[in-house]
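A.B. asks: Sequence and predicted structure below; questions after.
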Amino acid sequence: MGGGTGSGLGSRTLSLIADNFPDVFRFVIPVYPSAEDDVITSPYNTTLAMKQISEYGNCIMPVENQSLTAICQKLGGAKVDNIKHTVSESKEKAFNRMNSFVAKVILDITASARFDGSMNVDINEICMNLVPFPKAKLFSACYCTLVFP
């Protein structure tokens with residue numbers, strides 16, 4: 001959301017999908033920049049993108065980059081410094097861990113749409129169940145992992 005191309009292109013794509021497919025629910029997962037972001041236009045880009053996302057998205061699960069970094073540090077020991085871009089392990093490995101964590105949360109939320117069973121629903125029903133009122137689109141996914149020392 002903080003980058004210019006990603007937030008602008010993502011917002012435009014979301015608006016085109018909403019215009020062309022109005023009956024399909026749009027499940028949006030924006031990643032908010034951390035407070036120590038080195039891009040000076042991040043707050044501006046985030047504000048503009050959030051307006052479009054809240055207008056065209058039906059179900060929004062925001063992910064905050066600084067919190068995601070802290071979770072990955074606790075789980076795997078990777079330390080990512082957003083200001084200096086230095087990493088205690090390889091930078092690629094740390095970002096892969098963060099991407100894997102977000103992907104796992106998304107996969108777990110949408111598991112009932114992908115597998116057979118008594119709770120088998122499609123993405124539209126998932127969005128309807130997670131968002132009780134049309135204006136209350138934001139929700140927070142809580143993910144608990146068991147970590148044994």
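C.D. replies: Cool, the structure landed.
A.B. asks: any idea which helix is longest in the chain?
C.D. replies: helix 91-109 (DSSP state H).
A.B. asks: Just the buried residues of that one, please?
C.D. replies: For helix 91-109, the neighbour count (16 or more other C-beta atoms under 10 Å) marks 94, 97, 98, 101, 102, 105, 109 as buried. Bear in mind the C-beta positions are built from the backbone N, C-alpha and C, glycine included.
A.B. asks: Stretch 28-41 now?
C.D. replies: Result for stretch 28-41 [16+ other C-beta under 10 Å]: buried residues 28, 29, 30, 31, 32, 33, 34, 37.
A.B. asks: so of those, which ones are in strands?
C.D. replies: 28, 31, 32 (DSSP state E).
A.B. asks: what's the nearest residue to the first one if we skip its chain neighbours?
C.D. replies: This points to residue 28. If the residues on either side of it in the chain are set aside, residue 28 comes closest to residue 57, at 3.8 Å by C-beta to C-beta, 6 or more residues apart in numbering.
A.B. asks: Might one say that residue 32 is in contact with residue 45?
C.D. replies: No. Checked against C-beta atoms under 8 Å, the pair residue 32 and residue 45 is beyond contact range at 10.6 Å.
A.B. asks: from the buried residues of stretch 28-41, which is closest to residue 69?
C.D. replies: residue 34 (7.0 Å; C-beta to C-beta).
A.B. asks: Which pLDDT value goes with that closest one?
C.D. replies: According to the prediction, residue 34 has pLDDT 80.
A.B. asks: and what of residue 85?
C.D. replies: 44.
A.B. asks: Likewise for residue 88?
C.D. replies: 51.
A.B. asks: same check, this time on residue 3
C.D. replies: So, for residue 3, pLDDT stands at 69.
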